[in-house]
Every structure is written in structure tokens, then in C-alpha cells.
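Have a look at this fold, sequence not included:
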């Protein structure tokens, strides 16, 4: 399983000057959010006082049951959405503070879409800047796609790297 070393993570972070991208990177690398979770994060999910982020899992889990008398299964488990609370690292907290000072704190999505602020930023937008960052990375061949870069960033958090 690929992940960034501490040095590679720090090098990548040092190359990110855009405050929005910096917060997005830290949400993945330090807090372990997936790209879609970063995109759909709302201001109400962030508790600055407690320094925690509430994340609603968007990952679909398959229903392994087979067809029965009620007909075929949909393949998606019904039930409540899973949530988790993630503590903020000191640098994520600082980056969020800087982000709010520069951009302001809205009432909806932390990263609203450019064309429609009522909708979240798209994965495509995040993948675009991550692709640019990946081409600057010495191991860019490993991260040939922005999805791979985002996944490696997420795995870095999981590994403690």
C-alpha cells in the first residue's frame, strides 16, 4: 500500500500556497478524509472550540444478501448514515483559521462550487490541482492520476505518516 513519508508529505505541503488547497490537503493527509468527504464538508461539521470535524460517511456498503421472495436487492444497505468525529491536528486548525480569515466563513459548504455556491466543489476541481501537485512530486510516476494522489494522501493519514 502506497503512502507518503513524513518528508514527502511536508514537501508536498510546502508547495501548496493556495489556502483552500492547503486546507483540503490537510483534511486528507492529517484528518484522513476522502476527496468526496472534503468536497461535501459543511461549516456545521466543524467545531472549532472542540477542534473536531464531524464526517458523514459517503461510502456505500454493499448488501451481500441475494435475491429472495421480496425480489432483488438494491446492493446498498439501508440505515442511518455513519458519522465519525476526527480531532484536528494543530496545523489543520491553523490552516482553517487562516482560511477563514482570508476567505470568510460561509453558512453552507466549506468549499462551495464556483458556478453554484449552494452546491459543493466537485471532485474534478480537487483532482485538477492535485494532478498539478503530483507532476511536481519526485515520485510522480507513482501518482499518475489525481485519484491516486488523493488516495495516497488519504493513506498517509491512515498510516500515521
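Received it, and whenever you're ready, just let me know what you need. All of these numbers come straight from a predicted model, not from anything done at the bench. Residues are numbered from 1 along each chain as shown.

my read: residue 40 touches residue 119, true?
No: under the criterion of CB atoms under 8 Å, residue 40 lies out of contact with residue 119, with a separation of 9.7 Å. To be clear about C-beta, it is placed using only N, CA and C from the backbone, and glycine gets the same treatment.

Overlap in contacts, these two.
Where contact means CB atoms under 8 Å, 6 or more residues apart in numbering, the residues bridging residue 40 and residue 119 through contact with each are residue 109.

More neighbours: which of those two?
Here residue 40 and residue 119 are compared on neighbour count by other CB atoms under 10 Å; more neighbours surround residue 40, at 20 against 14.

so how far does stretch 39-48 reach from one end to the other?
19 Å (CA to CA, to the nearest Å).

got it, and stretch 14-21?
From its first residue to its last, stretch 14-21 covers 12 Å (CA to CA).

Contacts for that stretch next, please.
Stretch 14-21 is contacted by residues 22, 25, 95, 98, 99, 102, 103, 111, 129, 133, 136 when judged by CB under 8 Å, 6+ apart.

again with stretch 36-43
For stretch 36-43, the surrounding residues in contact (CB under 8 Å, 6+ apart) are 24, 27-28, 33, 53, 55-58, 105-111, 120-123, 126.

what do you get for stretch 108-126?
20, 23-24, 35-36, 38-43, 45-46, 106, 146, 150.
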